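Asks: next input, structure requested:
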Amino acid sequence: MRGYRITVQVRLHVWATASRSADAHHAARTAMQAHLPALAAAGIVLTGLTWLADSPDDSAVSQSSSAGQSTADDDLAAATAERAAAFDALVGLRRKIRARAIRALVDAEFDGPYQPSARRVDRFLTGLGLDALPRAHHITVVVELTLLVVARTVEQACDAASQVMRAVTSTGLGAAWEAYGGAESDYATGEHGRWRVPWRHEYETWLRGHATSADAGAAAHAAVRVALHHTLAGLAHELMTVTATVHTAGIDQFLDPESD
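Replies: You can find the predicted model right below:
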């Protein structure tokens with residue numbers, strides 16, 4: 001048996017992704033040289049290697065570009081989701097801090113008068129970049145009138161007057177209005193079962209949203225007038241006076257930890 005040396009011309013294609021032709025040549029040589037030892041071990045020797053670079057393969061470039069874009073999109077989506085989660089956590093933390101500070105103020109956990117304590121809490125919140133506590137005007141409104149009541153005794157007459165006025169002295173104006181006072185039985189007069197019962201009560205409230213004391217006082221006066229008009233509609237009464245006095249402006253004393 002005789003051995004023969006056979007020369008075969010072979011054309012190989014090696015795919016290389018690169019931005020320049022020179023880089024593609026280098027990548028192809030590197031890939032080919034990595035396989036030469038294995039070919040030599042099998043008795044195959046490659047000689048006279050020449051390298052030709054074809055035009056860039058659009059599909060390969062497109063696939064590579066698409067893969068890179070997909071990875072970038074995934075990274076961006078993940079980063080956006082993490083940012084949104086962090087923002088939500090920060091908003092929740094800020095809300096909890098604010099609610100806890102207001103709760104401490106509402107529950108009188110601080111020593112001393114309300115306004116100095118409220119200003120301390122306000123400085124604490126604004127120092128953290130949170131909104132300042134709501135401002136309001138402190139107002140008292142005094143109501144004086146006489147109710148005409150049919151009753152057997154002065155006690156019954158005063159009880160009847162209290163029943164009539166309950167709508168405006170309890171919750172008629174809202175939680176931020178506190179009412180004190182009632183029928184003045186010592187000055188009630190009656191004849192033949194008909195009684196004139198003097199009535200006096202005053203509200204204390206804090207009103208928000210007014211630029212000046214005059215505006216706040218006028219708004220409080222109007223609110224009480226409207227409430228009295230509805231309550232006393234159709235009832236015998238006389239000599240109604242309503243006087244509003246604005247004392248000061250400051251941090252609202254009726255704060256809600258959940259909404260403020």
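Asks: got the phi/psi numbers for His221?
Replies: Note on His221: backbone dihedrals following degrees, to the nearest 10 are phi -60, psi -50.
Asks: not counting its neighbours along the chain, what's nearest it?
Replies: In space, not counting the residues next to it along the chain, His221 is nearest to Ala244; the distance is 4.1 Å by C-beta to C-beta, 6 or more residues apart in numbering. Any C-beta I mention is one placed from the backbone N, CA and C, and that applies to glycine too.
Asks: could you pull out the buried residues of the strand or helix carrying that neighbour?
Replies: Assigned by DSSP states H and E, Ala244 belongs to strand 237-251. In terms of neighbour count (16 or more other C-beta atoms under 10 Å), strand 237-251 has its buried residues at 237, 242, 244, 246, 249-251.
Asks: now do stretch 182-192
Replies: 182-183, 188, 190.
Asks: the helices in the stretch 101-250 of the chain, which residues?
Replies: Using DSSP state H, counting those that start in this stretch, the helices assigned to the stretch 101-250 of the chain run over residues 114-127, 154-169, 213-232.
Asks: low-confidence ranges, the chain, go.
Replies: Low-confidence segments of the chain, defined by pLDDT under 70, span residues 1-14, 38-39, 41-44, 53-69, 171-172.
Asks: how does it look with 50?
Replies: Within the chain, the set of residues satisfying pLDDT under 50 comprises 1.
Asks: so which residues of it form strands?
Replies: Chain-ordered strands for the chain, with DSSP state E as the definition, fall at 135-150, 177-183, 189-191, 194-208, 237-251.
Asks: between those, which gets nearest to Arg123?
Replies: strand 237-251 (11.0 Å; C-beta to C-beta).
Asks: and that closest one with strand 194-208, angle?
Replies: Using axes from the mean of the first three to the mean of the last three C-alpha atoms, to 10 degrees, the inter-axis angle of strand 237-251 relative to strand 194-208 is 20 degrees.
Asks: show residues contacting strand 237-251.
Replies: Strand 237-251 has contacts (C-beta atoms under 8 Å, 6 or more residues apart in numbering) with 115, 118-119, 122, 133-148, 213-214, 216-218, 220-221, 224-225, 228, 232.
Asks: among those, the buried ones, what's the PyMOL command?
Replies: To isolate the buried ones among the contacts of strand 237-251 in PyMOL, judged by 16+ other C-beta under 10 Å, type:
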select buried, resi 118+122+133+134+136+137+138+139+140+141+143+144+145+146+147+213+216+217+220+221+224+228+232
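Asks: related to what we said a few turns ago, okay, the helices of the stretch 101-250 of the chain, which one's buried deepest?
Replies: Using mean count of other C-beta atoms under 10 Å, the stretch among the helices of the stretch 101-250 of the chain with the largest mean neighbour count is helix 154-169, at a mean of 18.
Asks: how far does that helix sit from the chain's center?
Replies: Shown here is helix 154-169, whose average C-alpha point lies 43 Å from the average C-alpha point of the whole chain (C-alpha atoms, centre = their mean, to the nearest Å).
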